[in-house]
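**Student:** Sequence isn't available, so here's the structure alone:
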Ligand SMILES: [Zn+2]
């Protein structure tokens, strides 16, 4: 037993130790708190990933209407399932995989790649859950913290038409994401057609929303009353120049045929119908099934992905005589009154071009009307051998320049995708083949009837029909008429392009084409009460049956439609392309078809 | 009963509030108000909800506070002789209630520690701390004049061991360890030598270090330290011999601590300790709470996000945000500055109680005061320590702050009993 003095001395020392121990504990806590609250910034980063989830607001893509305001392309909502790996707690995986109809392996793989991408930011887990499936999943989703759905939209088409023209939308690839900062992983971008060319108008602007989320993955509300949220801006609607009814009708007529129809409004260059056959249903290239269907279409031997209207290169055949005559009239190789008799063939220097029987003699008008090869060859040679040209090269270059002013041998570079320029023999080309002095008019005489070193696309032919309809100028053919509102015209194509041929020569050719339909090679396709001008063509095809071609415009005065039709391997232009053109013109100008038998013959035809 | 006090009729009759330590009462009021606001801040989901919404914890806490104040007044009205006189009886009732809860209690969060009385859950173990403090004070008071024989020294340890074992049987490890805080009282009263206490603390520190560092590094470091000391002590061969013995013992302890950790502790207990080193080892289990807790506190920064502006606690990332992890809300919303003030308040309260205890004439009051300070300190140390990852997670509340009627009532009774004893310190011998 200690004495009382010692005892109290001990006691006060112990009291001091106890107090020091307590204060020391407090100081250690404060040091620790200072470290995690003031020095270490990791926890602030963790905190923001804990509670804020940035949700991208995807804007609805702009709608596409036809020229009359009929809806053609719209959007359908669906849902992407997203995952934030760090927030995925203990979940019932068995229930999850049965709910989403995936395998255990898929689940593990997707979780792994999501974790690999980022533990704290959302990754796509399952794409494109339909509206109906979502309804079933919605109620159960709360059981799977870390998972949430992101509303998206997919393209939907009112009618299965004009697939090539609309083009399609797909996920932005790595190179796009690298080069254009707007696009992020999982964003959609127009890949072809209108969707590609008008991507900036159609896509709108993405928005983002920060929501507060609790540990159970429930959205609690907006962050700071939405101060940092940006609204998504919906894409701009487009008014296509297509006439929905005409497009549908054109595709119907071209069923079971290969070829194309291009119809243009001459006064504006607006494309009324752009038919490529065989085509495909635009729904095939939407969403999850797109790449699989794309491969399927690619493997199809009929090549439905090939946009014949813009890419196919045909020798134009007799249709081209009209263009040659215009050059002849302009340069003086012939004049309106030039008259020749046709012995049924053109023969010179060992070259023979055969002609068919027709009334005699022929002048520029009747030569077109009856498609006289002899007259065509004579006028072509006359023109090239005019004394004002110092050489063959100069004469041919002059000829070629006239044609290029009419839109041949070059791409229009309008809003149409993957357009090809066609081809047209040049002086350089012939120099290479025959030597500088090795060729003359007779060498290239086949050009007079649209054969030889010449390839034109259907849209170039339709544009040429529009030039004649306009008597000398064209507006670049384009497929989007107005942007945002029906009267807000597409500004790119308002300026007319004048050709190098005087308007009076077009009057002659317009009359010649009118006579062709009235009482010439195209008379079979004459439409009662509608004065139509046209020119038939039968394109010699070394690989098989000839292609049937026709160009036309109507009415002859104040034309409203210009058209080109090509039906591959169908034979004569008068038999197939001309009737199709006439049905299209009748449909467009009157809204109905009065010649049922005439239509049925086309619908039944297969080539 | 006369032996405990000078009859009050020999002194002028005093108001019940007279001589009550106003400073301690002020700190108490600050703490309960901070607590109430923190429960509100931690659990509110929508800023339009009233703090008086009685369907919510913060509304209920207001009721607990009012009733606690009534209890405080009742304690102050009571005759001061009651506490020493009934100390053993109260302790007995406490022990019986602990046994009762084991037999008839309700299991909440895997802990069988609750009675349900008319829709209110009561946790007897909260009150048993108070009862044990009373009994311990009485026991030491009774043995103050006796020589400290082994029988005398062992009695308080047995007294403390009874509730400890019963609470362990409730599987409430946190609360049971609270009883170990009474070693501070025993140290103050000379029942435990300072060296023993120091040894105990060092043992805990060494134990934790063996978990952080490979035990062979520690043994190596200790050996080198021993050799250096031996060189200094080379003139005293007997001291070197003793040093050698100590070194062997300590190294043996370090080695066996690691063995104990791996072989004796349950896996979930090991995890609770392992996450202190790196909470990411078990982010979905034991580490999750700690990780979220540290995120909440850490994101508060220097000055905090402001009242009701916390996001981590409010959105239920932090578990038990209104009860055991209430400090997260304070750390998040008031930052380092607020945390410092709260820790300051607790230290002030505890040290103030020690100072008051030291001025007691009666060893009953002094021991009781130290017991109060020890229990408060233990709760403070473990509760805040676990939210910042310095102490394994144990479910014990932060006194006066955490939501919960039992805890608030018990600590209020505890504090005001002492203040009552203190107010009559001149009457008690
Ligand atoms: Zn002829």
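**Tutor:** Perfect, I can see it now. Everything numeric in this text was worked out from a predicted model, so none of it was measured.
**Student:** Contacts only, for the residue of the stretch 1-150 of chain A found nearest chain B.
**Tutor:** At 2.5 Å from chain B, residue A:43 is the closest residue in the stretch 1-150 of chain A, using C-beta to the nearest C-beta. For the C-beta atoms, the positions are set from N, CA and C on the backbone; glycine is no exception. Shown in contact with residue A:43 (C-beta atoms under 8 Å, 6 or more residues apart in numbering or on different chains): A:36-37, B:294-295, B:297-299.
**Student:** Now with 10 Å, please.
**Tutor:** Residues counted as contacts of residue A:43 (C-beta atoms under 10 Å, 6 or more residues apart in numbering or on different chains) are A:36-37, A:50, B:291, B:294-301, B:312, B:332.
**Student:** what number of residues lie near residue 231?
**Tutor:** By default, I'm working from chain A. Residue A:231: 13 surrounding residues under other C-beta atoms under 10 Å in any protein chain shown.
**Student:** wait, I meant chain B there
**Tutor:** Residues near residue B:231, counting by other C-beta under 10 Å: 9.
**Student:** if we can go back for a sec, find the pair from the contacts of residue A:43 with maximum spatial separation.
**Tutor:** Using C-beta to C-beta, the contacts of residue A:43 span at most 17.9 Å, a distance reached by B:291 and B:301.
**Student:** wait, doesn't residue A:508 sit right on residue A:325?
**Tutor:** Yes: assessed by C-beta atoms under 10 Å, residue A:508 is found in contact with residue A:325 at 7.9 Å.
**Student:** hmm, back to that, and of the contacts of residue A:43, the nearest to residue B:242?
**Tutor:** Of the contacts of residue A:43, the one sitting nearest to residue B:242 (C-beta to C-beta) turns out to be residue A:36, at 42.2 Å.
**Student:** What's the local residue count around the residue of chain B found nearest chain A?
**Tutor:** Residue nearest to chain A within chain B (C-beta to the nearest C-beta): residue B:298, separated by 2.5 Å. For residue B:298, the number of neighbouring residues by other C-beta under 10 Å comes to 27.
**Student:** Please apply the same query to the one 3 residues further on.
**Tutor:** Residues within reach of residue B:301, counting by other C-beta under 10 Å, total 18.
**Student:** what secondary structure does it sit in?
**Tutor:** On the three-state scheme (DSSP: H, G, I helix; E, B strand; the rest coil), residue B:301 is labelled coil.
**Student:** OK, contacts around it?
**Tutor:** Neighbouring residues of residue B:301 by C-beta under 10 Å, 6+ apart: A:37-38, A:41, A:43-44, B:331-332, B:335-337.
**Student:** go on, residue B:267?
**Tutor:** Residue B:267 makes contact with residue B:274 under the criterion C-beta under 10 Å, 6+ apart.
**Student:** Now for the nearest residue to residue B:132 once chain neighbours are set aside: which residues touch it?
**Tutor:** Nearest residue to residue B:132 in three dimensions, chain neighbours excluded: residue B:163, at 5.3 Å (C-beta to C-beta, 6 or more residues apart in numbering or on different chains). Residues counted as contacts of residue B:163 (C-beta under 10 Å, 6+ apart) are B:91, B:94-95, B:98, B:124-125, B:128-129, B:131-132, B:135, B:175-176, B:178-179.
**Student:** what do you get for residue B:345?
**Tutor:** Residue B:345 makes contact with B:27-28, B:30-31, B:34, B:380, B:400-401, according to C-beta under 10 Å, 6+ apart.
**Student:** so residue A:194 is in which element?
**Tutor:** Using DSSP states H and E, residue A:194 falls within helix A:193-197.
**Student:** now swap in residue A:245 and tell me
**Tutor:** Assigned by DSSP H and E, residue A:245 belongs to helix A:244-253.
**Student:** Say whether chain A is contacted by whatever helix or strand residue B:197 lives in.
**Tutor:** Using DSSP H and E, the element containing residue B:197 is helix B:194-212. Yes: applying C-beta under 10 Å from any C-beta of the partner chain, one finds helix B:194-212 in contact with chain A at B:194, B:197-198, B:201.
**Student:** quick one: buried residues of the host helix or strand of residue A:80?
**Tutor:** In the assignment (DSSP H and E), residue A:80 maps to strand A:71-83. Within strand A:71-83, the residues that count as buried by 16 or more other C-beta atoms under 10 Å in any protein chain shown are A:72-75, A:78-83.
**Student:** how far does that strand sit from the chain's center?
**Tutor:** Centroid separation for strand A:71-83 versus its chain: 20 Å, with C-alpha atoms, centre = their mean, to the nearest Å.
**Student:** Sheet partners, orientation included, of that strand?
**Tutor:** Partner strands and pairing direction for strand A:71-83 (DSSP bridges) are strand A:64-65 (antiparallel), strand A:123-129 (antiparallel), strand A:147-157 (antiparallel).
**Student:** orientation of that strand relative to helix A:244-253 in degrees?
**Tutor:** 90 degrees (axes from the mean of the first three to the mean of the last three C-alpha atoms, to 10 degrees).
**Student:** Tell me the first helix or strand C-terminal of strand A:71-83.
**Tutor:** Heading C-terminal from strand A:71-83 (DSSP H and E), you reach helix A:93-99.
**Student:** check whether that following helix contacts chain B.
**Tutor:** No: using C-beta under 10 Å from any C-beta, helix A:93-99 never reaches chain B; the gap is at least 14.0 Å.
**Student:** in that helix, what counts as buried?
**Tutor:** Across helix A:93-99, burial judged by 16+ other C-beta under 10 Å covers A:96-97, A:99.
**Student:** what does the helix or strand following it rub up against?
**Tutor:** Downstream of helix A:93-99, the first helix or strand assigned by DSSP H and E is helix A:104-117. Helix A:104-117 is contacted from outside by A:81-86, A:88, A:93-94, A:96-97, A:100, A:102-103, A:121-126, A:146, A:185, using C-beta under 10 Å, 6+ apart.
**Student:** Tell me the buried residues in helix A:104-117?
**Tutor:** Neighbour count says helix A:104-117 has A:107, A:110-111, A:114 buried, by 16+ other C-beta under 10 Å.
**Student:** So which of those is the closest to residue B:362?
**Tutor:** Lowest distance from residue B:362 to these (C-beta to C-beta) belongs to residue A:111, with 66.9 Å.
**Student:** if we can go back for a sec, and the helix holding residue A:245, what does it pack onto?
**Tutor:** If contacts are counted by 3 or more C-beta pairs under 10 Å, 6 or more residues apart in numbering or on different chains; DSSP states H and E, helix A:244-253 sits against strand A:71-83, strand A:259-265, strand A:270-277, strand A:561-567, helix A:577-590, helix A:596-604.
**Student:** orientation of it relative to strand A:270-277 in degrees?
**Tutor:** Taking the same axes, to 10 degrees, one finds helix A:244-253 and strand A:270-277 inclined to each other by 20 degrees.
**Student:** Understood, closing this out.
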